[in-house]
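Engineer: I need the structure of the sequence given here:
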Amino acid sequence: MVDIMQDMPPMPEPVAGTTEEEKKFNEIAELSKNGYLLLKDNKIDEAERAFQKILALESHNNYALVGLGDAARKKNRFRDAVEHYTDCLSHHPGNNYALFGLADCYKALNQYNKAIEIWEQYLQHDDRNITVLTRVADAYRKIRDFKQSKILYLRVLDMEENNPYALIGLGHLHYDFKEYRDALYYWQKMLDMNEDSVDIRVLTSIGNCHRKLKTFEQGIYYFQRALRMDENNFYALFGLADCYRGMNQQFRSVEYWNKILEKDPSNKVILTRAGDAYRNMGDYEEAQQYYQRALDIEFDVYAVLGLAMISKTQGKYDDAAVSLNRLIQADPKNYRLYLELAECHVHKGDQQKAIQTLQEFQKLGIRNQLVSEMMDKLRG
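Structural biologist: Got it, this is the predicted structure:
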């Protein structure tokens, strides 16, 4: 997205004259012009020195204060930048460049409500600035205000049909709110516009929509296409592994989990996913090794659950029950743990203890159909 800090604000034109005031004006004009040119060339320290010279001549000069804000922002010193922009606005209310820079700083600091407030002030001066409108829409998306975010993205599309930032934003917005078919519509539009030079992130986003919709075979097509562009792309590898897992083709999913682990051997999530794949293939020894590797990094609910499931499958119900009780203490609202523990008690012939286990979950006030069905079956 175009960054307004790359644009120079209109510079004061030098004036003909020989008075001290006119000389000072011309010196400030020259320093301002040079400062912004230096900023544009990423010579940030030199630019800062030019802006400081201006402030020595005129302590509240708007060009210098905005320039110092832009310089600090380029160095990712967002809190320093906020001070410069705020100082500028205290003496020059409504300065568009200071407003934009200040809002962008708040966004970088994850203070989205503050960013929105400042951008709304900016739009009072320039309500058709597409760059700002998409930024405000992005900020509303970050604070999960679906309605306001969508209104602004669509407003951008009314002004500029197929604006890529609005389409991308709408794709993310609908995906975040689990409206995967609508997300797919916008991502597909991005692909149709850039079929020959598509961004890999568009392909993985389309693949993820299909993954969430459980149309796994279609998802595989897009993830494989992404891998042809970058054979080590994490999202493509993860998507392929998860699609094959969804299709119960564990032997294929484990191939892609392991490709991720080649590059990132300490990824705890992927270690447990690979462990699950080996366990579902019946290779319990290999599965145990992956779960243990995850646990060697730190405690992991899914690794312990995987080991408990192996114990249960092998008829070691007491070992499984010990692990499941430990997990319930760590994650008391996870219904699956109670179901697995209840099954262990059923296999041991203790139906009453199985019922008590499910009752413990229901005491939490959480309704779950699978728990209710198992309870009815045990009492039936």
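Engineer: for the stretch 251-380 of the chain, what spans make up the helices?
Structural biologist: Secondary structure of the stretch 251-380 of the chain (DSSP state H, counting those that start in this stretch): helices at 268-280, 284-297, 301-313, 317-330, 335-347, 351-362, 369-379.
Engineer: Identify whichever of those helices lies nearest to Arg252.
Structural biologist: helix 268-280 (9.1 Å; Cβ to Cβ). Just so you know, the C-beta spots here come from the backbone N, C-alpha and C atoms, and that holds for glycine as well.
Engineer: Next, the angle helix 284-297 makes with the closest one.
Structural biologist: Here helix 268-280 runs at 160 degrees with respect to helix 284-297, directions being taken by axes from the mean of the first three to the mean of the last three Cα atoms, to 10 degrees.
Engineer: tell me what helix 268-280 is packed against?
Structural biologist: If contacts are counted by 3 or more Cβ pairs under 8 Å, 6 or more residues apart in numbering; DSSP states H and E, helix 268-280 sits against helix 234-246, helix 250-263, helix 284-297, helix 301-313.
Engineer: quick one on the thing from earlier: from the helices of the stretch 251-380 of the chain, which stretch is densest packed?
Structural biologist: Of all those, helix 268-280 carries the top mean neighbour count, a mean of 23, counting by mean count of other Cβ atoms under 10 Å.
Engineer: Please save the CA atoms from it in CSV.
Structural biologist: The C-alpha coordinates for helix 268-280 follow below in CSV (Å, rounded to 0.1, in the frame of the first residue of the first chain):
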residue,chain,number,x,y,z
LYS,A,268,5.5,-28.2,18.8
VAL,A,269,2.2,-28.0,16.9
ILE,A,270,3.5,-29.8,13.9
LEU,A,271,5.2,-32.5,16.0
THR,A,272,1.9,-33.3,17.6
ARG,A,273,0.1,-33.3,14.2
ALA,A,274,2.7,-35.7,12.9
GLY,A,275,2.3,-37.8,16.0
ASP,A,276,-1.4,-38.0,15.4
ALA,A,277,-0.9,-39.1,11.8
TYR,A,278,1.5,-41.9,12.8
ARG,A,279,-1.0,-42.9,15.6
ASN,A,280,-3.9,-43.1,13.1
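Engineer: Identify the residues contacting that helix?
Structural biologist: 238, 241-242, 245, 248, 250, 253-254, 257-258, 260-261, 264, 284, 286-291, 293-294, 297-298, 300, 302-303, 306, 309-310, 313 (Cβ atoms under 8 Å, 6 or more residues apart in numbering).
Engineer: Just the buried positions in the helix or strand bottoming out on mean pLDDT in the chain, please.
Structural biologist: Lowest by mean pLDDT, DSSP states H and E among the helices and strands of the chain is helix 20-40, with a mean of 89. Neighbour counts over helix 20-40 (16 or more other Cβ atoms under 10 Å) mark 25-26, 28-29, 31-36, 38-39 as buried.
Engineer: For Leu364, find the nearest of the helices and strands packed on helix 268-280.
Structural biologist: Short answer: helix 301-313, nearest of those by Cβ to Cβ, at 17.1 Å.
Engineer: Return the per-residue confidence for the residue lying closest to Asn163 once chain neighbours are set aside.
Structural biologist: Leaving aside its sequence neighbours, Asn163 sits nearest to Val156 (Cβ to Cβ, 6 or more residues apart in numbering; 5.1 Å). With respect to pLDDT, Val156 has a value of 97.
Engineer: what about Val156, how many neighbours?
Structural biologist: 23 (other Cβ atoms under 10 Å).
Engineer: Pull the number of nearby residues for the residue nearest to Glu160 when sequence neighbours are not counted.
Structural biologist: Spatial nearest neighbour of Glu160, chain neighbours left out: Ile130 (6.0 Å); criterion: Cβ to Cβ, 6+ apart. Neighbours of Ile130 under the rule other Cβ under 10 Å: 17.
Engineer: I'd say Ile130 and Asn163 touch.
Structural biologist: Yes - contact criterion Cβ atoms under 8 Å: Ile130 and Asn163 qualify, at 6.5 Å.
Engineer: Buried residues, the helix or strand where Val132 lies. List them.
Structural biologist: Per DSSP states H and E: Val132 is located in helix 130-142. Neighbour-count burial for helix 130-142, counted by 16+ other Cβ under 10 Å, picks out 130, 132-142.
Engineer: go on, stretch 87-101?
Structural biologist: In stretch 87-101, the ones that count as buried by 16+ other Cβ under 10 Å are 87-89, 92, 95-101.
Engineer: Kindly report the same for stretch 251-266.
Structural biologist: Buried, per 16+ other Cβ under 10 Å, within stretch 251-266: 252-257, 259-261.
Engineer: do stretch 208-219 as well
Structural biologist: Quick answer for stretch 208-219 (16+ other Cβ under 10 Å): 208-212, 216, 219.
Engineer: Take the residues you listed and keep only those in strands.
Structural biologist: Of the buried residues of stretch 208-219, none are assigned to strands by DSSP state E.
Engineer: from the buried residues of stretch 251-266, which two are the most distant?
Structural biologist: For the buried residues of stretch 251-266, and using Cβ to Cβ, no pair is farther apart than Arg252 and Leu261, which are 15.5 Å apart.
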